[in-house]
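Asker: fold the stuff below for me.
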Amino acid sequence: MVLNNYYYIKITNSAEEELIEIYEYISITLKAKISADHFIKEIEKKSERLSIFPYSCMEVITKPRNTIYRKLQVKNYVLLYKISEENKRVDIVHIYYSRRDYLL
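Answerer: Numbering: from 1, shown residues only. I've put the predicted structure just below:
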């Protein structure tokens, strides 16, 4: 008997909107479409790793609600995510530029 220990990766609507904004900024504002495409592929690659090793990234606590997330660094960006053991799911909830204070 083979057990499926993989977690489903879900990107929330707000995180998807943030990802679109980042993609548009890189491809349109910076006029670097190829870099934007590479960035999206890197996000996909690193996110897939979470389906196998969701606890591999460090925990961070956001303020003011003291919400606990895990943080995945992808180039100059941070993906904040939560793990649902009950549903075997990783929810990517925010994607931020790393120099921005994402803990607030």
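
Asker: alpha carbons only for contacts and neighbour counts from here, please
Answerer: OK.

Asker: buried residues, the helix or strand that contains Ile20. List them.
Answerer: For Ile20, the host element (DSSP states H and E) is helix 13-24. Neighbour-count burial for helix 13-24 flags 15-16, 18-19, 22-24 (criterion: 16 or more other Cα atoms under 10 Å).

Asker: and which of those is nearest to Thr67?
Answerer: Ala15 (16.4 Å; Cα to Cα).

Asker: beta partners of the residue lying closest to the closest one once chain neighbours are set aside?
Answerer: Sequence neighbours aside, His94 is the residue nearest to Ala15 in space, at 4.6 Å (criterion: Cα to Cα, 6 or more residues apart in numbering). Counting by DSSP bridges, His94 forms beta bridges with Leu80.

Asker: after the helix holding Ile20 comes which helix or strand?
Answerer: helix 33-52.

Asker: tell me what the helix or strand following that following helix is packed against?
Answerer: Next along the chain after helix 33-52, taking DSSP H and E as the criterion, comes strand 59-62. Strand 59-62 sits against strand 67-74, with contacts defined as 3 or more Cα pairs under 8 Å, 6 or more residues apart in numbering; DSSP states H and E.

Asker: what angle do helix 33-52 and the strand it packs on make with each other?
Answerer: Orientation check (axes from the mean of the first three to the mean of the last three Cα atoms, to 10 degrees): strand 67-74 against helix 33-52 gives 130 degrees.

Asker: is the spatially closest residue to Glu48 that is not a sequence neighbour within a helix or a strand, and which one?
Answerer: In space, and not counting its chain neighbours, Glu48 is closest to Ile9: 7.5 Å by Cα to Cα, 6+ apart. In this structure, Ile9 is located in strand 8-11 according to DSSP H and E.

Asker: which elements pack onto that strand?
Answerer: The contact analysis (3+ Cα pairs under 8 Å, 6+ apart) places strand 8-11 against helix 33-52, strand 89-97.
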